[in-house]
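Novice: For reference, the sequence and a predicted model appear below.
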Amino acid sequence: MVVDDSQVVVIPLGIVNRLVQEHPEVANFFAKKLANMIHEMDEQALELAHATVRERVSSSILKLAKKENKTSDNMRLTLPRNDLANVIGIASETLSRILGDFAKEGLIEKDGNDIILKKVEQLKNV
C-alpha cells in the first residue's frame with residue numbers, strides 16, 4: 001500500500017543483468033541500498049522487541065514525518081489509523097489510546113485522519 005500516488009515500472013531481468021555487468025557502479029548502488037534496507041529492518045525488529053508502545057508510536061510518527069520532510073511543529077500528517085497501527089505493529093485501539101494521551105499532553109492534535117505535530121522535540125523524548 002502506498003500513501004502517495006505511485007507508478008510501478010517493470011524492467012526485464014535481462015536488461016538489469018546487462019546493466020549490472022556493464023556498469024559495476026550500478027551493482028554497488030543496489031548492494032548499498034539493500035544493505036541499508038536490511039539495517040533499517042533490523043533496527044525496527046529491535047525496536048519492536050525493546051521499546052515501549054509509547055516509544056514505538058512516537059518514533060513511527062517522527063519517521064513518517066521525516067520521510068515527508070515535515071519534522072517541524074504544526075506540521076500535518078495524513079494517514080489512516082489502521083495503516084499507522086499496522087506500520088507500528090499494534091492494535092488500532094491501542095494506537096487511538098496512545099494518540100489520545102499524546103493529545104492530552106499537547107504533543108499532537110488529532111483532526112480526523114490527520115495528526116498535527118505540536119511539540120516535535122518533546123515527542124522525540126518520549
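Specialist: In hand now; what should we look at? The structure presented is a predicted model; accordingly, all values stated were derived computationally and were not measured.
Novice: Residue 28 and residue 11, how far apart?
Specialist: Distance of residue 28 to residue 11, given as C-beta to C-beta, to the nearest Å: 18 Å. Quick note: C-beta positions are derived from backbone N, CA and C, even for glycine.
Novice: neighbour count winner among these two?
Specialist: Neighbour comparison, residue 28 and residue 11: the larger count goes to residue 28, with 11 against 8 (by other C-beta atoms under 10 Å).
Novice: How is the more buried one classified with respect to secondary structure?
Specialist: Assigned state for residue 28: helix (three-state reduction, DSSP: H, G, I helix; E, B strand; the rest coil).
Novice: which ones are touching it?
Specialist: Counting by C-beta atoms under 8 Å, 6 or more residues apart in numbering, residue 28 makes contact with nothing.
Novice: If we use 10 Å, what do you get?
Specialist: Contacts were defined as C-beta atoms under 10 Å, 6 or more residues apart in numbering; by that measure residue 28 touches residue 20.
Novice: In CSV, list the C-alpha atoms belonging to the helix or strand bottoming out on mean pLDDT in the chain.
Specialist: For the chain, using mean pLDDT, DSSP states H and E, the weakest element among its helices and strands is strand 75-78, scoring a mean of 84. Provided in CSV are the C-alpha atoms of strand 75-78 (Å, rounded to 0.1, in the frame of the first residue of the first chain):
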residue,chain,number,x,y,z
MET,A,75,3.1,20.0,10.5
ARG,A,76,0.3,17.8,9.4
LEU,A,77,0.5,14.0,8.7
THR,A,78,-2.4,12.3,6.9
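Novice: Return the list of helices and strands in contact with it.
Specialist: When contacts are defined as 3 or more C-beta pairs under 10 Å, 6 or more residues apart in numbering; DSSP states H and E, strand 75-78 sits against helix 53-67, strand 108-111, strand 114-117.
Novice: who touches that strand?
Specialist: The contact list for strand 75-78 (C-beta under 10 Å, 6+ apart) reads 3, 61-62, 64-65, 67-70, 84, 108-109, 111-118, 120.
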